[in-house]
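Engineer: 3D model of this:
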Amino acid sequence: MYKSIDLFAGIGGIRRGFDNAFGNEISTVFVSEWDDNAKKTYKANYGDNFDIAGDITEINEKDIPQFDICLAGFPCQAFSLAGKRMGFEDDYKGMCRGTLFQDVVRICEYHKPKVIFCENVKGLTIHDKGRTFKIIKCAFEQIGYTVYDKVLNSKDFGVPQNRERIYIVCFRNDIDSKDFNFPKGEKSDTKIKDIMETDTVSVKYYLSTTYIETLKRHKERHKAKGNGFGYEIRDINGQAGAIVCGGMGRERNLIIDKRLKDFTPVTHIKGEVNREGIRKLTPREWARLQGFPDSFRLELADTHLYKQFGNSVTVNVVEAIAKEIKGVLDNVRQQK
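Structural biologist: Presented below is the predicted three-dimensional model:
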C-alpha cells in the first residue's frame, strides 16, 4: 500500500487521477487546503477520517504522517500567462503564492517520499526567462531527487479542452527511474457536444441580450488595443479553450444550444434572454472538461464551482502520468 499526501488539494483532482491509477493500492493520509469552499467540495467527495489541514505555511512537517507520494498542485496564479507573472514576488492575501512550492520542498526534505508530483501552468517554464523553473528543479535536486518535466495538453487525453500544463515528477535518487516516460497521449475525437448536458439546461445559463452587447463592445476594445481577450462562441463539434485559474474563461467558452423553449428569466437580468441559444457551459460540463466523473458531487453555488474546476487539473492527464509512476514503483518493489 502506497501512502500519499495531498497538498494545495483544491477539490482533489490530482488525488482522483492517482486513485484511478493505483486503485486500492494507495491511501491518502494527509490533506492540506486553505480555501474553505474548496474544502467543502473535497469533503463531499472523499470519505477521509481526518480533518483537512489549512495554511501549509503553518504546518510543521513533523506533524505530517509518513508517506510515499507527495501530490502538490501549488497555486498557479503567480505564474499564469493571464496574470502579471510576478512569480516569487507575488503576494496574495498574505500568502506568498510564488514561494509556496518551497513548503513542498521543506516537507519532502524531511519525509523523503519516493515520489513528488507537481502540476502548474505552462507559463511557469518561461517565467523570468526560465530562471524560476530552474530554481524549482534545482531545489528538488538538492534534496535528493531526479526531476522529470513535460508540458502536456488535455486535448490529447480524451477531453475536448485545449489546456497545456507543465507536469513535474520527482523520483528519490535511490529509486531506479530511468525507464520512466511521460505518456504521449493521442489525438482525441471527443468534442464539446460529447460533454454537454443531456437535458435542456436552466435558462440561467443563457446570456441576456444586454450582456451579449456588452461582451461585443468589450471584445472590440481589446481588439483595438491588439489584445486577444474577449468572448468566443465555440463550435460544439470542436474543442473548448482552457478553463483557467479563478474561474475565468466562461465567456471564452460559450456555445450555441437551441434546445431552450421557455425564455422566462429565473434571475434578475438586463434586457431579455437571447433567442440565438448562446449560453455558458454549466459547472457539470466544466467538470467533464476536466475529466471528473458524473458521480463527483457538486453541492456549492455555481460561482464557487466554476472557480474550483478552473483551478483544478485534468484528471485524465494525471491518471495517465500516475500509471507510468506506478509502473516504476512496482518494478522497484518486484526487484526487492
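
Engineer: quick check: longest helix of the protein.
Structural biologist: Identified as the longest helix of the chain according to DSSP state H is helix 315-335.

Engineer: Just the buried residues of that helix, please?
Structural biologist: Going by neighbour count (16 or more other CB atoms under 10 Å), the buried part of helix 315-335 is 315-322, 324-326, 328-329. (C-beta placed from N, C-alpha, C; glycine too.)

Engineer: same deal with stretch 135-149?
Structural biologist: Ile136, Lys137, Ala139, Phe140, Ile143, Tyr145, Thr146, Val147, Tyr148, Asp149.

Engineer: what's in contact with stretch 151-159?
Structural biologist: Contacting residues not belonging to stretch 151-159 are listed as 122, 125, 161-167, 182-188, 190, 195, 239, 242, 288-291, 314, 316-317, 320-321 [CB atoms under 8 Å, 6 or more residues apart in numbering].

Engineer: How far does that stretch sit from its chain's centre?
Structural biologist: Centroid separation for stretch 151-159 versus its chain: 12 Å, with CA atoms, centre = their mean, to the nearest Å.

Engineer: Rounded mean pLDDT for it, please.
Structural biologist: What stretch 151-159 shows for mean pLDDT is 96.

Engineer: what's the burial count for Val266?
Structural biologist: Neighbours of Val266 under the rule other CB atoms under 10 Å: 10.

Engineer: ranges for the strands of the stretch 201-336 of the chain?
Structural biologist: For the stretch 201-336 of the chain, applying DSSP state E, counting those that start in this stretch gives strands covering 240-241, 255-256, 278-279.

Engineer: what packs against the last one?
Structural biologist: To tie it back to what came earlier, the one meant is strand 278-279. Counting contacts by 3 or more CB pairs under 8 Å, 6 or more residues apart in numbering; DSSP states H and E, strand 278-279 packs against strand 255-256.

Engineer: didn't Arg165 look like it was pressed against Glu119?
Structural biologist: Yes. In this structure, Arg165 is within contact of Glu119 by CB atoms under 8 Å, at 5.7 Å.

Engineer: The two - which one has more neighbours?
Structural biologist: When neighbours are counted by other CB under 10 Å, Arg165 and Glu119 differ, and Glu119 comes out ahead with 25 against 22.

Engineer: hang on, that one in a strand?
Structural biologist: Yes. Under DSSP: H, G, I helix; E, B strand; the rest coil, Glu119 falls within a strand.

Engineer: What sits closest to it if chain neighbours are left out?
Structural biologist: Leaving aside its sequence neighbours, Glu119 sits nearest to Gly73 (CB to CB, 6 or more residues apart in numbering; 4.7 Å).

Engineer: got a list of what the one you found touches?
Structural biologist: Going by CB under 8 Å, 6+ apart, Gly73 touches Leu7, Phe8, Ala9, Gly10, Gly13, Ile14, Cys118, Glu119, Asn120, Val313.

Engineer: And those, which is closest to Asp199?
Structural biologist: Among those, Gly13 lies closest to Asp199 (CB to CB), at 25.6 Å.

Engineer: what number of residues lie near that closest one?
Structural biologist: Neighbour count for Gly13, taken as other CB under 10 Å: 27.

Engineer: so what's it up against?
Structural biologist: Counting by CB under 8 Å, 6+ apart, Gly13 touches Gly73, Gln290, Phe292, Ser312, Val313, Thr314, Val315, Val318.

Engineer: Would you point out the most distant pair within those?
Structural biologist: Maximum pairwise distance in the contacts of Gly13, criterion CB to CB, is 14.6 Å, between Gly73 and Phe292.

Engineer: if we can go back for a sec, could you provide the buried residues of stretch 135-149 in CSV, with additional columns for distance to Gly249?
Structural biologist: Listed next are these as CSV, based on distance: CB to CB, whole Å:
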residue, distance to Gly249
Ile136, 26
Lys137, 29
Ala139, 31
Phe140, 30
Ile143, 36
Tyr145, 33
Thr146, 35
Val147, 30
Tyr148, 29
Asp149, 25
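
Engineer: residues contacting Ile107?
Structural biologist: If you count contacts by CB under 8 Å, 6+ apart, Ile107 has them with Ile5, Leu7, Ile56, Ile59, Glu61, Ile64, Cys70.

Engineer: show me the contacts for the fifth one.
Structural biologist: For Glu61, the set of contacting residues under the criterion of CB under 8 Å, 6+ apart consists of Arg106, Ile107, Tyr110, His111.

Engineer: From these, which land in helices?
Structural biologist: Arg106, Ile107, Tyr110, His111.

Engineer: how close does Gly230 get to Val29?
Structural biologist: For Gly230, the distance to Val29 (CB to CB, to the nearest Å) stands at 45 Å.

Engineer: Quick check: can you list the domain ranges of the protein?
Structural biologist: 2-187+309-335, 192-293 (automatic domain parsing).

Engineer: give me the beta-bridge partners of Glu164?
Structural biologist: The partner list for Glu164 in beta bridges (DSSP bridges) reads Asn153.

Engineer: Neighbours of it, how many?
Structural biologist: Neighbour number of Glu164 under other CB under 10 Å is 16.

Engineer: Equivalent analysis for Thr264, please.
Structural biologist: Thr264 has 7 neighbours, counted by other CB under 10 Å.

Engineer: I appreciate the help and will end here.
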